[in-house]
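Novice: sequence unknown, structure follows:
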């Protein structure tokens, strides 16, 4: 009954959904030439043969399954891989990292007509869904055609309480998945609450992610331009967090006159407005997208490009992973920094990666900053004390690499389940 009303409401909203896409297009939140993919339309032809479909909502989810795709490419060399996401940044990030025989599309809105059009066009043989996005029409209709596997499944406390209010509908939705691999033990317990028969916790798939790539010549170029100045980075910043970073930079300059801060906004389109605000406050800014040189008086190096975190983490010995300094975001993945030997600092709001941070905190492999006023007080000793910084880096790097076997466990579990009935493909 709930699903009926959900679908009925979407039918009523059909013209408004199309207008909403065009509104987002005007605001540069949709791709200028590919926005029709959100309506289930594609300019690409479906490749012949076996097609795997992997869906991740945004950057972290998409990067988490690239290693799995590469493993399946070895097993199925003639297969193709459709990767969907919803954000422009994830699209841009994936373009430089897509494995062989892989291509990206934007996920259609969860309207029955758009879903039908998408599935009829692509007709995937196997589907892998990641984390916490449960779109009923897509999932129900896709499960009628082919097996679905949920990777790194997550139920936040808030969403779990919401889904509990409609238990029958939730059970029906989750039963569309042949296998569920929970992202944590707590997530496993929450999925089991709905009596799914095949819920496993083998570890967090993000630990299997490959180190972010970077052009070696660009690494050398950036290091040379920085001229051994004290440097740290704040990555994936959100509105409300940049002010904390600027105050920390000002405080650090009292002890380290030539310190430079690399600031990476989560959404690069905000860069011009941010720069204007910072310069009005007296900060000297060099903007990466404009290829501006790093001058002797540069305070902030604004990285408003996509796909260069691998470069930043190789150059910066200390990383403050943002999205964690204010409530409502939940933090971002620390493993990317750990894999490239950059010491990890974070704010207290880390619900999206709570289990990973719990492992790091237990081994004292990261610095937790409870109050944004303490950012400079935390960063300064790490900049000045190489021994302390290197000890932190060693612990986080070891933890990040100790759990790469998770991928083998997941692949073996899928193989033994019999979900892949087309083993000869």
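Specialist: Now that the structure is in, tell me what you want to look at. Predicted model, so just to flag it, every value in this text is computed and none were measured.
Novice: What separation do you get for the residue minimising distance to the centre of the chain and residue 47?
Specialist: Centrality entry for the chain: nearest residue to the mean C-alpha point is residue 60, 1.5 Å, by CA atoms, centre = their mean. Here the criterion is CB to CB, to the nearest Å. By it, residue 60 lies 27 Å from residue 47. To be clear about C-beta, it is placed using only N, CA and C from the backbone, and glycine gets the same treatment.
Novice: how about residue 71, what does it touch?
Specialist: 407, 411 (CB atoms under 8 Å, 6 or more residues apart in numbering).
Novice: which stretch of helix or strand covers it?
Specialist: helix 66-75 (DSSP states H and E).
Novice: residues of that helix that come out buried?
Specialist: By neighbour count with 16 or more other CB atoms under 10 Å, helix 66-75 contains the buried residues 66, 67, 68, 69, 72, 73.
Novice: isn't residue 330 right up against residue 350?
Specialist: Yes: the criterion here is CB atoms under 8 Å, and residue 330 meets it with residue 350 at 6.8 Å.
Novice: Look up the residues that both of the two are in contact with.
Specialist: With CB under 8 Å, 6+ apart, residue 330 and residue 350 have common neighbours residue 324.
Novice: mind checking the backbone torsions on the spatially closest residue to residue 413 that is not a sequence neighbour?
Specialist: Sequence neighbours aside, residue 200 is the residue nearest to residue 413 in space, at 6.0 Å (criterion: CB to CB, 6 or more residues apart in numbering). Main-chain dihedrals, residue 200, degrees, to the nearest 10: phi -130, psi 150.
Novice: ok, residue 200 - how many residues close by?
Specialist: 17 (other CB atoms under 10 Å).
Novice: Beta-bridge partners for it, please?
Specialist: residue 181 (DSSP bridges).
Novice: Which of the three states applies to residue 104?
Specialist: Following DSSP: H, G, I helix; E, B strand; the rest coil, residue 104 is assigned to strand.
Novice: follow-up on the earlier one: please look at the residue nearest to residue 413 and residue 180 and confirm they touch.
Specialist: Yes: Residue 200 is within contact range of residue 180, at 7.1 Å (criterion: CB under 8 Å).
Novice: Which residues outside the least confident helix or strand in the chain by mean pLDDT are in contact with it?
Specialist: In the chain, no helix or strand scores lower on mean pLDDT, DSSP states H and E than helix 59-64, which sits at a mean of 79. Helix 59-64 is contacted by residues 54, 56, 83, 85, 87, 89-90, 93-94, 97, 130-131, 151-152, 205-206, 208-209, 332-333, 336, 352 when judged by CB under 8 Å, 6+ apart.
Novice: can you tell me how far residue 174 sits from residue 107?
Specialist: 19 Å.
Novice: hmm, I was thinking of residue 295
Specialist: For residue 295, the distance to residue 107 (CB to CB) stands at 43 Å.
Novice: who's in contact with the helix or strand following the helix holding residue 71?
Specialist: For helix 66-75, the following helix or strand on the C-terminal side (DSSP H and E) is strand 80-85. Residues outside strand 80-85 that contact it (CB under 8 Å, 6+ apart) are 47, 49-58, 61-62, 69, 72-73, 91, 94, 98-99, 101-107, 122, 124.
Novice: follow-up on the earlier one: check the residue nearest to residue 413 and give its pLDDT.
Specialist: Looking at residue 200, its pLDDT reads 96.
Novice: again with residue 422
Specialist: Predicted confidence (pLDDT) for residue 422: 55.
Novice: again, but for residue 4
Specialist: Model confidence at residue 4, expressed as pLDDT, equals 86.
Novice: out of everything not next to it in sequence, what's closest to residue 278?
Specialist: Spatial nearest neighbour of residue 278, chain neighbours left out: residue 285 (5.5 Å); criterion: CB to CB, 6+ apart.
Novice: in the sheet, who's paired with that neighbour?
Specialist: residue 300.
Novice: That one - how many residues pack around it?
Specialist: Using other CB under 10 Å, residue 285 is surrounded by 18 other residues.
Novice: I'd say it and residue 276 touch.
Specialist: No: applying CB under 8 Å, one finds residue 285 not in contact with residue 276, separated by 9.4 Å.
Novice: Which stretches in the stretch 1-150 of the chain count as strands?
Specialist: With DSSP state E, counting those that start in this stretch applied, the stretch 1-150 of the chain shows strands at 51-55, 80-85, 102-106, 126-130, 148-153, listed in chain order.
Novice: Relative to residue 409, which of the ones you listed is closest?
Specialist: Smallest distance to residue 409 across the strands of the stretch 1-150 of the chain (CB to CB): 12.3 Å, for strand 148-153.
Novice: For that closest one, give me every contacting residue.
Specialist: With contacts defined as CB under 8 Å, 6+ apart, strand 148-153 is touched by 61, 64-65, 68, 126-132, 139, 142, 176-183, 187, 191, 199, 204-206, 410, 414, 419.
Novice: if we go to 7 Å?
Specialist: Strand 148-153 is contacted by residues 64-65, 127-131, 139, 142, 176-183, 187, 191, 204-206, 414, 419 when judged by CB atoms under 7 Å, 6 or more residues apart in numbering.
Novice: That one versus strand 126-130: what angle between them?
Specialist: 20 degrees (axes from the mean of the first three to the mean of the last three CA atoms, to 10 degrees).
Novice: quick one: average pLDDT of strand 148-153?
Specialist: Confidence for strand 148-153, expressed as mean pLDDT, is 95.
Novice: Which element is encountered next along the chain beyond that strand?
Specialist: Next along from strand 148-153, by DSSP H and E: helix 157-164.
Novice: Distance from that next one to the middle of the chain?
Specialist: With CA atoms, centre = their mean, to the nearest Å as the basis, helix 157-164 stands 22 Å off its chain's centre.
Novice: do stretch 136-143 as well
Specialist: 23 Å.
Novice: ok, and what's touching that stretch?
Specialist: Contacts of stretch 136-143 (CB under 7 Å, 6+ apart): 3, 6-7, 110-112, 115-116, 119, 127, 148, 173, 176.
Novice: Mark which of those residues are buried, thanks.
Specialist: Taking 16+ other CB under 10 Å as the criterion, what is buried in those is 7, 110, 111, 112, 115, 119, 127, 148, 173, 176.
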